[in-house]
Every structure is written in C-alpha cells, then in structure tokens.
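Q: Show me the folded form of this:
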Amino acid sequence: MRPKKDVVFLCQFFYPEYISSAQLPFDTARALTKEGFSVGVLCGYPREYLQGSEIPRRETVEGVTIHRLKYLQLDRSGFLGRLVNYFSFTFMVLLHLPEIGRYRSVVVYSNPPILPWIASWAKALFGTRLVFVSYDLYPEVATVTDTLRQGSMICRLMNHINRCVFRRGDRIVSLASEQRAYILANRDVAPDKVTVIPNWYPDENQAPSPGENRFRTLAGGRFVVSYFGNMGTMQDMRTILDAIRELRGEKDILFLFAGHGNKLEKLKNIVAQESIPNVAVYDFLHGSDFQDALAASHCALVSLEEGATGLCVPSKTYCYMRRGIPLLAVMDKCDIVRDIEQGAGIWVRNGESHWLAQAILDLKQNPRRLEEMSRVCREFYREKYALEKGTGKYVALFRDLLDTRRQEGDTI
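A: Prediction:
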C-alpha cells in the first residue's frame with residue numbers, strides 16, 4: 001500500500017490569489033516542501049482575488065500539489081453571501097474527505113469558520129493529525145460586534161465545532177500571546193498544544209513601479225496617513241473617522257484608504273456625503289500598485305473594535321513594519337501595542353479620536369521621531385515577524401508532530 005503523504009492544507013483561498021489568507025498558507029506550504037515534506041492543498045477555485053486567465057483545477061507549483069474545488073460563490077459584501085460561500089465550499093471539501101485521509105496530517109484555518117469541522121472528522125476517521133490555525137475565533141468575532149446573537153442556531157453550531165476541533169486538535173496555532181491566553185481561558189485544550197506563531201508579510205515579489213508613483217502624485221507633498229486591508233466588522237473605523245473629521249481642515253494631510261470589507265462602502269459614502277476633502281479611498285490594491293501606495297505612506301493605521309483583543313490580529317501590521325512605516329494603533333492592549341510602546345508607533349484606545357488626531361499632527365511635525373519609529377519597526381520585523389521566522393516555526397512544528405508518526409502501519 002502507498003505510504004501516506006505528509007501534510008495537506010485546507011483553505012478557501014490559495015495561490016495564485018493575492019490576499020494574505022492565500023499567500024500565508026502558500027508560503028508555509030513552500031517552506032515545508034523545501035524541507036522535504038510532501039505537501040498537498042485542497043482549496044477553492046479562484047474568482048474574486050485573481051488576475052489573469054483561467055487556471056487549472058489541478059497543478060503542482062514549487063513541489064506543492066494543488067487541487068482547486070469549484071463551489072457556489074456569491075457577493076461576499078453581505079452576511080448572507082459569505083454564509084452561502086462558507087457552506088458551499090465546506091460541502092465541496094466534505095465530498096473530498098477521503099483525499100484528506102491520504103495524508104498523515106492536515107492543517108486547517110479558521111476561515112471559513114465551519115471548515116475546521118471537516119478536518120476534525122478526518123482526525124476521527126483516518127487518524128490524521130490535526131493542526132488548527134486560529135486567525136479568528138468564532139463565534140466571538142460575530143457576537144462581539146452583534147453580527148450574531150448569543151444562543152442563535154449558528155452560534156450553537158460554532159460552539160459544537162469548537163468542541164470537536166479543540167478536543168481533537170494535535171496542535172493549535174494562535175497569532176499572538178493574547179489570543180493564546182483567550183484560547184486557554186475559553187477552550188478545552190491543554191496548554192502544551194497551543195503555540196504562538198505570528199503572521200508575516202507575504203512576499204509578493206513586487207517592487208514599486210519604475211515610473212511615476214501615482215500615489216505620491218496624488219499626495220502632492222502632503223503627509224500621508226494610510227489604511228490598507230480589511231475594513232470589516234472587527235475594525236474600529238468609527239474612531240478613525242472621528243479623527244479625520246477633526247483634521248478635515250488640515251490641507252497638508254492626506255488620508256489614503258484601500259482595501260475590502262463591509263465597512264469600505266460605508267467609508268466611501270461618508271466621505272462623499274460630508275465632502276471631506278483630504279481623504280482618498282480605493283478598492284483592494286496589490287502588486288506594484290500596493291507597493292507604490294506603501295512607498296507614499298508616512299504612517300499607517302491598524303485597528304480593532306473594543307473587546308476584540310485575543311479574537312483576531314490585523315495582519316497588515318507586519319507589512320508596515322517590514323517597510324518601516326510607523327504604526328498608529330486603535331485597539332486594546334495586545335502584542336502589537338507592546339511593540340508600539342517600545343517605539344514602533346503611537347497607541348490610542350477605542351474612542352480616543354482626539355488623541356489620534358493629535359498623534360497624527362505630532363508625527364507630521366516631528367520627522368526625526370518618525371524616522372526613529374521607522375527604524376524600530378524594521379528592527380522588530382527582522383527579529384520577530386520576518387517570513388523565514390514564521391515559516392521556520394511551522395517547519396519545526398511539523399517535524400515534532402510527524403517524526404513520532406513514522407511507523408510502518410502509517411499507510412493507506
């Protein structure tokens with residue numbers, strides 16, 4: 001009988017999609033392949049985050065065997081559309097459950113939130129080692145923002161899935177120490193199973209455009225405060241908007257937004273309705289466009305809603321640190337804030353829009369302080385959040401997990 005392969009990834013988004021939830025698993029899969037692991041992927045067929053022509057349903061890229069599943073994909077901007085997509089993709093993965101059984105281990109991500117349930121079934125049926133990567137914690141990310149009601153049918157389903165996944169999981173990966181603490185306090189899991197592996201900035205192999213930077217042209221010498229990435233239910237856009245309103249008369253400041261999420265359209269509408277003159281809003285940027293926008297930025301905003309600490313981590317933080325862009329954080333105390341307190345930026349709590357506005361003015365008027373923050377950001381990235389740091393931890397995790405499983409009976 002054929003020996004089982006080593007690791008299969010279950011994720012809705014994967015290469016060649018350009019969002020971080022696709023790039024991060026791809027980086028991890030490539031790192032494992034380079035270290036001699038046999039790696040496969042079951043993922044969704046790209047639609048929204050893809051440029052170019054049709055791609056094959058099956059292919060091998062840099063040693064990673066990819067199987068893409070077509071599923072029903074509705075508009076993700078509304079809750080119902082996301083829900084249908086989640087269930088549709090998860091059902092397609094369920095139909096391929098035997099394929100997961102051909103691997104010794106499975107790594108699954110918390111998005112979509114019902115997908116880890118399938119991985120837990122693979123553990124129960126085939127003895128597949130289960131690694132769960134907690135990008136977000138459900139149902140809390142929905143209940144804390146009143147997207148779901150406590151005790152609703154979906155919440156009860158999510159709680160059941162959590163019991164299955166955390167009970168059967170061999171390793172749980174959290175993104176920050178506060179998330180690990182939340183898991184240990186609210187999930188039935190042994191402390192030695194939960195490890196912290198921060199995200200990193202995916203290497204897009206892109207450089208700023210060789211010609212004119214349209215975002216620098218747009219700024220026209222103004223001080224650029226940027227916000228890139230997700231503007232969803234967990235991001236505190238209210239505090240940021242109130243600070244912008246306070247600074248709407250500052251003609252030498254430009255607020256540059258680009259991303260996706262259900263609060264993006266609300267932001268566009270407010271800026272248009274209130275005729276705020278120093279705000280520019282774009283849809284999701286990637287490739288050289290995104291690199292150009294980063295190059296034009298003097299500082300960058302990251303935010304989480306009040307009460308969201310431990311439930312999720314804004315991944316764009318590491319992108320900013322890599323580029324040496326000082327952080328303006330709106331959130332509760334967490335690992336990001338601890339970095340900021342050591343010189344990587346400025347922190348304000350939720351609702352402190354006036355102090356956020358003052359922090360922006362202070363940075364604009366103090367280029368030396370801005371330069372020092374930039375240096376600290378780069379240093380933190382090299383020491384803690386570089387790609388090879390994160391993928392190296394995953395390699396070590398799977399070496400530890402699978403070396404004890406190299407038995408003659410581990411075949412199909």
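
Q: Below-threshold pLDDT in the stretch 101-250 of the chain: ranges please.
A: When residues are selected by pLDDT under 70, those of the stretch 101-250 of the chain lie in 202-210.

Q: where do the helices sit along it?
A: 115-126, 140-143, 153-168, 177-186, 214-219, 237-246 (DSSP state H, counting those that start in this stretch).

Q: Nearest to Met321, out of those helices?
A: Closest to Met321 of the helices of the stretch 101-250 of the chain is helix 177-186 (C-beta to C-beta; 17.0 Å). Every C-beta, even on glycine, is put in place using the N, C-alpha and C of the backbone.

Q: That closest one relative to helix 153-168, how many degrees between them?
A: If you take axes from the mean of the first three to the mean of the last three C-alpha atoms, to 10 degrees, helix 177-186 sits at 90 degrees to helix 153-168.

Q: Show me what helix 177-186 is in contact with.
A: Here helix 177-186 makes contact (C-beta atoms under 8 Å, 6 or more residues apart in numbering) with 134, 137, 166, 172, 174, 189, 191, 194-196, 309-313, 333-335.

Q: again with stretch 59-70
A: With contacts defined as C-beta under 8 Å, 6+ apart, stretch 59-70 is touched by 14-15, 26, 29-30, 33-34, 39-46, 55-58, 89, 92-93, 96, 99.

Q: Which of those fall within helices?
A: Within these, residues falling in helices by DSSP state H are 26, 29-30, 33-34, 89, 92-93, 99.

Q: Now that we have those, which of them are buried?
A: Buried members of the ones in helices among the contacts of stretch 59-70, scored by 16 or more other C-beta atoms under 10 Å, are 26, 29-30, 33, 89, 92-93.

Q: Lowest-confidence one in those residues?
A: The pLDDT minimum for those sits at Phe89, where the score is 92.

Q: Give me the secondary structure label for the residue nearest to that one when sequence neighbours are not counted.
A: Among residues not flanking Phe89 along the chain, Tyr71 sits closest, at 4.5 Å (C-beta to C-beta, 6 or more residues apart in numbering). Using DSSP: H, G, I helix; E, B strand; the rest coil, the structure places Tyr71 in coil.

Q: Do I have it right that Tyr71 meets Tyr86?
A: No. Here Tyr71 lies out of contact with Tyr86, judged by C-beta atoms under 8 Å, at a distance of 9.8 Å.

Q: domains for this structure, by residue range?
A: Here the domain parsing of the chain from automatic domain parsing is 5-200+387-403, 214-385.

Q: per-residue confidence for the most centrally placed residue in the chain?
A: Ranked by distance to the mean C-alpha position of the chain (C-alpha atoms, centre = their mean), the top residue is Ser315 at 4.7 Å. pLDDT recorded at Ser315 is 85.

Q: And the closest residue in space to it that isn't next to it in sequence, its phi and psi?
A: Leaving out its chain neighbours, the residue that sits closest to Ser315 by C-beta to C-beta, 6+ apart is Asn199, at 4.6 Å. Main-chain dihedrals, Asn199, degrees, to the nearest 10: phi -70, psi 170.

Q: Spell out, range by range, the helices that occur in the stretch 251-400 of the chain.
A: 264-273, 287-295, 316-323, 335-339, 353-365, 367-380, 387-403.

Q: Quick check: which helices or strands does the second one pack against?
A: Identification of packing neighbours for helix 287-295 by 3 or more C-beta pairs under 8 Å, 6 or more residues apart in numbering; DSSP states H and E yields helix 214-219, strand 223-230, strand 253-260, helix 316-323.

Q: between it and strand 223-230, how many degrees?
A: Here the directions of helix 287-295 and strand 223-230 differ by 140 degrees (the same axes, to 10 degrees).

Q: Check the last one too.
A: For helix 387-403 against strand 223-230, the angle between stretch directions is 20 degrees (the same axes, to 10 degrees).

Q: quick one on the thing from earlier: any chance of the helices of the stretch 251-400 of the chain in CSV, with distance to Thr145 too?
A: Shown next, in CSV, are the helices of the stretch 251-400 of the chain (distance: least, C-beta to C-beta, whole Å):
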stretch, distance to Thr145
helix 264-273, 14
helix 287-295, 27
helix 316-323, 19
helix 335-339, 19
helix 353-365, 19
helix 367-380, 29
helix 387-403, 28
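
Q: Please identify the deepest-packed of these.
A: Mean neighbours per residue, mean count of other C-beta atoms under 10 Å, is largest over the helices of the stretch 251-400 of the chain for helix 316-323, with a mean of 24.

Q: quick check: angle from that helix to helix 287-295?
A: 80 degrees.

Q: now for helix 316-323, which elements pack on it?
A: In terms of contacts (3+ C-beta pairs under 8 Å, 6+ apart), helix 316-323 is packed against strand 223-230, helix 287-295, strand 299-303, strand 327-330, helix 367-380.

Q: could I have the second one exported to CSV, CA atoms only?
A: Once side chains and other backbone atoms are set aside, the C-alpha atoms of helix 287-295 remain, and they are given as CSV (Å, rounded to 0.1, in the frame of the first residue of the first chain):
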residue,chain,number,x,y,z
GLY,A,287,1.2,44.1,-6.8
SER,A,288,3.1,47.3,-7.8
ASP,A,289,0.0,49.4,-7.0
PHE,A,290,0.2,48.4,-3.4
GLN,A,291,3.9,48.8,-3.3
ASP,A,292,3.5,52.3,-4.7
ALA,A,293,0.9,53.1,-2.0
LEU,A,294,3.2,51.9,0.7
ALA,A,295,6.1,53.9,-0.6
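
Q: Work out the gap between that helix and the centre of the chain.
A: Its chain's average C-alpha position is 19 Å from that of helix 287-295, according to C-alpha atoms, centre = their mean, to the nearest Å.

Q: and if you look at the third one?
A: Counting by C-alpha atoms, centre = their mean, strand 299-303 is centred 15 Å from the centre of its parent chain.

Q: That one to strand 253-260, inter-axis angle?
A: Angle of strand 299-303 versus strand 253-260, following the same axes, to 10 degrees, is 50 degrees.

Q: again with the longest one
A: Direction vectors for helix 367-380 and strand 253-260, defined by the same axes, to 10 degrees, enclose an angle of 30 degrees.
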